[in-house]
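**Student:** any chance you can model this:
(one chain, ligands or ions: 1)
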Amino acid sequence: MKKGDKIGPFKVKKIESTIDIGNTIICDLCNEDYTNSDMCGGFIMGSYGVCPKCEPRMRARLKKYNEEDHIKAECPPGMTHREFIIRARGGNNIMQVASLE
Ligand SMILES: [Zn+2]
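**Tutor:** Reported below is the predicted structural model:
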């Protein structure tokens, strides 16, 4: 990921940092920490983890721009957001933090 990349209807404005996050679960949009949260829900948009709180807002935006095919995976009912993201990563814990336009 780099500046100018398109993620659905959004554009990467700036790469804030690249970090090895281990099992830390941070929402790629609002940066909220879900490492110790049992909240369920969320989805993967491109390579971004979207948390349960951002989900309704992002879903509405993707729908508006007809970009719902950017949703790569959805958290199965009853699974925590944390577990969903860890499974989705498949051991790749390198994360880039970016701000979007
Ligand atoms: Zn979020």
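**Student:** end to end on stretch 57-74, go ahead and measure it.
**Tutor:** By Cα to Cα, to the nearest Å, the extent of stretch 57-74 from end to end equals 15 Å.
**Student:** and the chain, which residues reach the ion?
**Tutor:** Contact residues (Cβ under 5 Å from the ion) of the chain with the ion: 27, 29-30, 51, 54. In this view, the C-beta of every residue, glycine as well, is placed from N, C-alpha and C.
**Student:** tell me which residues of the longest strand seen in the chain come out buried.
**Tutor:** Counting by DSSP state E, the longest strand found in the chain is strand 10-20. Buried residues in strand 10-20, defined by neighbour count with 16 or more other Cβ atoms under 10 Å: 10, 12.
**Student:** stretch 87-101 too?
**Tutor:** Applying 16+ other Cβ under 10 Å to stretch 87-101 flags 88-89, 95, 98 as buried.
**Student:** by mean pLDDT, point me to the weakest helix or strand of the chain.
**Tutor:** Within the chain, no helix or strand scores below strand 94-100, which has a mean of 83 by mean pLDDT, DSSP states H and E.
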